[in-house]
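> Kindly return the folded structure for what I paste below:
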Amino acid sequence: MSPAPAPAERPKVNELLVPILPVLVMLAVMWVEEIVDVPLGGHLDRFGIRPRRLNGLDGIVFAPFLHSGFGHLIANTVPFLLLGGAIAYGSTRRFVQVTVITGVVGGVGTWLTGGSHTLVIGASGLVFGYLTYLVSRGVFARRASYILGGVLVLFVYGGVLWGLLPRPGISWQGHLFGAVGGILAAWVIHGRSRAAGATPTAAPSPFPPI
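Numbering: from 1, shown residues only. From the prediction side, this is the model:
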C-alpha cells in the first residue's frame, strides 16, 4: 500500500501577517499619533499640507498619518487595510512603490491646487490611490486575474469615487490627485514593464491575486 498524501498545511499566522507588515506599521503610526494628539488638543495636525505655503510642503509626508479625530481615522482604517493589504499580499515591494508614487503625486497635487488657507490631513488620498491602482493595473498588465480583481474592488468600493466631487470640508483635490497617483503607479509598475518586455516579479502569496 502506498502512503496517503499528507494534508496540505494551513498558512501560519506569521505567513499571513508578514506580507502586510508595512500596512500594519503605517496604521499603527496613524493610531499612535491620534492617541498622542488627544491630550495635545490636535496640535500635531498643524503638520498637514498647507497649499502653496513653503511651511506646508512637509505635510506631503506627514498628512497621511494625521486625522481630525477617531471618526476620521476609523473611516480610513478599514479601506486602507483591505486595499493596501490586497496590494501587499501580491508584493510588499509593490505596495511600497504604489504608496510612494501615490503619496507624492497626491501630496504635490494637493499642495498646488488645494484651497487657500486650508490644512489638509488624512490617509484618504492613499486610499483613493490604492483603489485606482487595483482597478487600472489589469488594463496595463493585460492580465485576466487583475481585471477581474479590479472589477471586484470597483464593485465593493466604487462608491467612494463620489469623493472626487467637490464638497465643503472635503479635500477633493487630495482624493483626485491620489486617484491619479494610483493610475500612474499602475502604468509605471505594469505598463512600462510590459512595454519593455519584462514582467514585474511578485512574492509568493497564500491568496489569489486581486
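> What segments of this protein are helices?
Secondary structure of the chain (DSSP state H): helices at 13-17, 21-37, 59-62, 70-90, 92-113, 124-141, 144-157, 172-186, 192-195.
> Out of these, which gets nearest to Ile49?
helix 59-62 (3.5 Å; C-beta to C-beta). To be clear about C-beta, it is placed using only N, CA and C from the backbone, and glycine gets the same treatment.
> ok, now which ones touch the residue nearest to Gly85 when sequence neighbours are not counted?
Among residues not flanking Gly85 along the chain, Ile20 sits closest, at 4.6 Å (C-beta to C-beta, 6 or more residues apart in numbering). Residues counted as contacts of Ile20 (C-beta atoms under 8 Å, 6 or more residues apart in numbering) are Leu81, Gly84, Gly85, Ala88, Tyr89.
> rewinding a little: and the helices of the chain: which comes nearest Gly48?
That would be helix 59-62 among these, by C-beta to C-beta, at 4.5 Å.
> And that closest one, what's buried?
The neighbour-count check on helix 59-62 (16 or more other C-beta atoms under 10 Å) flags Gly59, Ile60, Phe62 as buried.
> packing partners for it?
helix 92-113 (3 or more C-beta pairs under 8 Å, 6 or more residues apart in numbering; DSSP states H and E).
> Now do the helix it packs on: distance to the chain's middle.
9 Å (C-alpha atoms, centre = their mean, to the nearest Å).
> Can you tell me which of the contacts of Ile20 lies closest to Leu16?
Distances from Leu16 to those, taken by C-beta to C-beta, are shortest for Tyr89, at 8.8 Å.
> Sketch out the low-pLDDT regions of this structure for me.
For the chain, the stretches with pLDDT under 70 are 1-14, 193-210.
> try 50 this time
Along the chain, the parts satisfying pLDDT under 50 run over 199-210.
> picking up where we left off before, looking at the helices of the chain, which is nearest to Arg53?
Nearest of the helices of the chain (C-beta to C-beta): helix 92-113, 8.4 Å.
> and the closest one, what does it pack onto?
helix 21-37, helix 59-62, helix 70-90, helix 124-141, helix 172-186.
> circling back to that earlier point, out of the helices of the chain, the one nearest Phe47 is which?
helix 59-62 (4.4 Å).
> Go ahead and produce CSV holding the CA coordinates of that closest one.
The C-alpha trace of helix 59-62 is given here as CSV (Å, rounded to 0.1, in the frame of the first residue of the first chain):
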residue,chain,number,x,y,z
GLY,A,59,2.8,67.8,5.0
ILE,A,60,3.2,65.8,1.9
VAL,A,61,5.0,63.2,4.1
PHE,A,62,3.1,63.7,7.3
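> Can you list the neighbours in contact with that helix?
With contact meaning C-beta under 8 Å, 6+ apart, helix 59-62 is reached by 47-50, 103-104, 107-108, 110-111, 119-121.
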